[in-house]
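**Student:** need the 3D shape of this:
(chains A and B)
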Amino acid sequence: MSVTFTEDKLKKAQEIILRYPEGRQKSALLPILHLAQEQFGWLSSETMDYVAGLLSITPVEVYEVATFYTMFHLEPVGKHVIEYCRTGPCCTMGGEEVFSHLKTKLGIKANETTSDGLFTLKEVECLAACGWGPCFQIREKYFMHLTNQKVDDIIEELSK
Amino acid sequence: MANNIKILTEHINTPGIETFEVYRKTGGYNAVEKAIKKMSPDEIVEEVKKSGIRGRGGAGFPMGMKWSFLAKPEGVPRYLVCNADESEPGTFKDHYLMKSIPHLLIEGMIVSSYALGANKSFIYVRGELMYVVRILEKAIEEAKAAGFLGKNILGSGYDLELVVQPGGGAYICGEETALLESLEGKRGNPRNKPPFPAVKGLYQSPTVVNNVESIANTPWVINHGGDEYAKIGIGRSTGTKLISASGHIKNPGVYEITLGLPVDEFMNSDQYLGGVRDGHYLKAVVAGGSSVPILPAHLFYKTANGEDRLMSYESLSDGGFPTGTMLGSGGFIAMDETTCIVRNTWNFSRFYHHESCGQCSPCREGTGWMEKVLHRIEHGHGTMSDIDLLVDVSKKIEGNTICPLGDAAAWPVASAIRHFRDEFEWHIKHPNEATKPGAVFMGAEILA
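**Tutor:** Next comes the predicted model:
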């Protein structure tokens, strides 16, 4: 299967490339990997090769970056990726209890996907929302001040 | 100067402040007019120097001095890069500022870029904050439409383009040279220094990297002058500081304090944190983000000499590491008597292990060893020699890496053992008791 951006995404990618000085198009790599993940959900090696072509860089330059940054998914993920903060301040605010509830609720551990393909759980480090914790993120949205009840409500809403 | 002055947050709760129109009505972008029409770039650098403002990302290096180091070779572009990669556990002030009042940062970027002679500047935002990236991009569009950005700003002949760049999830990119590598589309591996970014930074060109909060202060400095700014605060801690507060307090959130505010007032008055949550006692405080040494409550309120501690660079570090800590990024984490220091230290060490870029052996290996040893102590398998082993490993990391992540990983472990050694020993001597869910050593000194 050949990988290509939609027309909109391709236009956006070309705009991004033009933001940098001439010859510095590699600077567009992270923003374009985010675009690719928006469209494809995760970064397959075909997707990374495609991005390398767009930027006229070698595929390995894309692989080494995609594997360094934790936001990029290198395997298929569920429809909703829940990325929950496991760092000190969120735990101080009761995060460990809330996330153990979340795991029980979904019946999966971190880095697993529910059998219906709806949810993937990922543990992440500090999301810079410490005073509003415990928190997790689903795509661009932050969910804060989490409690067991709130977690139940969010999961039920997203399961509809 | 009033002790309650709000330089950054005066208008933050005004409805619609995220729009250009409302921000402009509150006096926003006046600094751009003043700077571009009435001041030379060097005059602005001079005002920032006079203000005495120190870098608000954590290191506290004088901002004006950093600006004055910028090399200016003929025919080579210069860059300003804003560090909005806020990732230090406990720190969420830049997140709050950018999402609430994005134009303040944009205005600061314009006047600072003008002062440094940059025609293309970048705001590097941690990738998780993609919604903030979109807020900033919208603010940039609005400022451009109003003639404050783009070609020939306010008819002055000065051009500036602002680019918002998302990161990809890596704490290390908050280190300025790692940030520049990342901005060039590479892994976030810190560079050896020298050369410093002021000489060879982004694309090997002279570059200044400043924190969001630092840049957001510059419009006020231009409007009121560096001397007025320097009157706020105490001693070499001039101005205000955003403190993001989390943990076991009544009022978590972001506060703009005048530097020099007594710690007791910040912690306990209803205007600020409102004290520890009801029915509990303060056990320990991490005053400036997870990297700074943890302090037990009694040393937090009073210095070793018995003086009242103040929220300032100098007072918080009074006594050095044996009895003091650091203001750092202003990431303030309060812990009451229900907090297990061993568990918290293990949690922090796991963070640094996860975030080490892996370039320097002492950090790559040492952060993993510390996490492993702390994990076994926390889970009831530690031995008494493990405590000294942790101290030994932390000393071998500290100062032996090319960037400060090594120190940042070593200090929380070393300070937790320094001040809470009996808690580590209790875990080792009484593993059955210590590993019960929620078990906490109760022998630590606590303050009402």
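**Student:** rest of the way, CA atoms for contacts and neighbours
**Tutor:** Will do.
**Student:** so who does the residue most central in space within chain A touch?
**Tutor:** Centroid-nearest residue in chain A, with CA atoms, centre = their mean: residue A:71, separated by 4.7 Å. By CA atoms under 8 Å, 6 or more residues apart in numbering or on different chains, residue A:71 lies in contact with B:127, B:128, B:168, B:169.
**Student:** phi and psi next, for the first one.
**Tutor:** For residue B:127, the backbone dihedrals (degrees, to the nearest 10) come out as phi -60, psi -30.
**Student:** can you give me the separation between it and residue B:133?
**Tutor:** 8 Å (CA to CA, to the nearest Å).
**Student:** identify the contacts common to these two.
**Tutor:** With CA under 8 Å, 6+ apart as the test, residue B:127 and residue B:133 both reach residue B:166.
**Student:** pLDDT value on residue B:445, please?
**Tutor:** Per-residue confidence at residue B:445 stands at 54 (pLDDT).
**Student:** residue ranges in chain A under the pLDDT threshold?
**Tutor:** Within chain A, the ranges that satisfy pLDDT under 70 run A:1.
**Student:** let me know the outermost residue of it.
**Tutor:** residue A:22 (29.6 Å).
**Student:** check the secondary structure at it for me.
**Tutor:** coil (DSSP: H, G, I helix; E, B strand; the rest coil).
**Student:** could you measure from it over to chain B?
**Tutor:** According to CA to the nearest CA, to the nearest Å, residue A:22 and chain B sit 11 Å apart.
**Student:** list the buried ones in stretch B:74-92?
**Tutor:** B:77-92 (16 or more other CA atoms under 10 Å in any protein chain shown).
**Student:** of the contacts of residue A:71, list those near chain A.
**Tutor:** B:127, B:128, B:168, B:169 (CA under 8 Å from any CA of the partner chain).
**Student:** now these as JSON lines including pLDDT?
**Tutor:** As requested, the ones next to chain A among the contacts of residue A:71 are arranged in JSON lines below (pLDDT from 0 to 100):
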{"residue": "B:127", "pLDDT": "98"}
{"residue": "B:128", "pLDDT": "98"}
{"residue": "B:168", "pLDDT": "98"}
{"residue": "B:169", "pLDDT": "96"}
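**Student:** export those residues to JSON lines and tack on neighbour count and secondary structure?
**Tutor:** Output for the ones next to chain A among the contacts of residue A:71, formatted as JSON lines (neighbours: other CA atoms under 10 Å in any protein chain shown; DSSP: H, G, I helix; E, B strand; the rest coil):
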{"residue": "B:127", "neighbour count": "25", "secondary structure": "helix"}
{"residue": "B:128", "neighbour count": "25", "secondary structure": "helix"}
{"residue": "B:168", "neighbour count": "27", "secondary structure": "coil"}
{"residue": "B:169", "neighbour count": "24", "secondary structure": "coil"}
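**Student:** now, which of those residues sits nearest residue B:244?
**Tutor:** Of all the ones next to chain A among the contacts of residue A:71, residue B:244 sits closest to residue B:128, with 18.3 Å by CA to CA.
**Student:** counting neighbours, what do you get for the closest residue to residue B:243 other than its chain neighbours?
**Tutor:** Leaving aside its sequence neighbours, residue B:243 sits nearest to residue B:330 (CA to CA, 6 or more residues apart in numbering or on different chains; 4.5 Å). Using other CA atoms under 10 Å in any protein chain shown, residue B:330 is surrounded by 27 other residues.
**Student:** quick one, what contacts residue B:330?
**Tutor:** Counted by CA under 8 Å, 6+ apart, residue B:330 has contacts B:58, B:91, B:241, B:242, B:243, B:244, B:287, B:288, B:289.
**Student:** for residue B:285, same thing?
**Tutor:** Applying CA under 8 Å, 6+ apart, the residues contacting residue B:285 are B:294, B:295, B:296, B:297, B:300, B:332, B:333, B:334, B:335.
**Student:** in three-state terms, label it for me.
**Tutor:** Here residue B:285 is strand, with the state taken from three-state DSSP.
**Student:** cool, residue A:111 as well?
**Tutor:** Going by three-state DSSP: residue A:111 is coil.
**Student:** buried residues, stretch B:56-72. List them.
**Tutor:** Buried-residue list, stretch B:56-72, by 16+ other CA under 10 Å: B:56-58, B:60, B:62-67, B:70-72.
**Student:** ignore what I typed, I meant stretch A:61-80.
**Tutor:** A:61-63, A:65-66, A:68-74, A:77-78, A:80.
**Student:** let me know whether residue B:51 touches residue B:232 as I believe.
**Tutor:** No. Counting by CA atoms under 8 Å, residue B:51 does not reach residue B:232; the two are 9.3 Å apart.
**Student:** could you pull up the contacting residues of residue 152?
**Tutor:** Since you didn't name a chain, this refers to chain A. By CA under 8 Å, 6+ apart, the residues touching residue A:152 are A:102, A:105.
**Student:** other chain: chain B
**Tutor:** Contacts of residue B:152 by CA under 8 Å, 6+ apart are B:158, B:159.
**Student:** repeat for residue B:390
**Tutor:** Per CA under 8 Å, 6+ apart, neighbours of residue B:390: B:370, B:373, B:413, B:414.
**Student:** export only the CA atoms of the one helix or strand it maps to, formatted as PDB.
**Tutor:** Using DSSP states H and E, residue B:390 sits within helix B:384-397. Extracted in PDB, the C-alpha atoms of helix B:384-397 (Å, rounded to 0.1, in the frame of the first residue of the first chain):
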ATOM      1  CA  MET B 384      21.800  -1.000  54.000                       C
ATOM      2  CA  SER B 385      24.700  -0.600  51.600                       C
ATOM      3  CA  ASP B 386      22.300   0.500  48.900                       C
ATOM      4  CA  ILE B 387      21.900   3.900  50.600                       C
ATOM      5  CA  ASP B 388      25.600   4.700  50.300                       C
ATOM      6  CA  LEU B 389      25.600   3.100  46.800                       C
ATOM      7  CA  LEU B 390      23.000   5.700  45.700                       C
ATOM      8  CA  VAL B 391      25.000   8.600  47.200                       C
ATOM      9  CA  ASP B 392      28.100   7.200  45.400                       C
ATOM     10  CA  VAL B 393      26.300   6.900  42.000                       C
ATOM     11  CA  SER B 394      24.800  10.400  42.300                       C
ATOM     12  CA  LYS B 395      28.200  11.900  43.000                       C
ATOM     13  CA  LYS B 396      29.600  10.100  39.900                       C
ATOM     14  CA  ILE B 397      26.900  11.600  37.700                       C
END
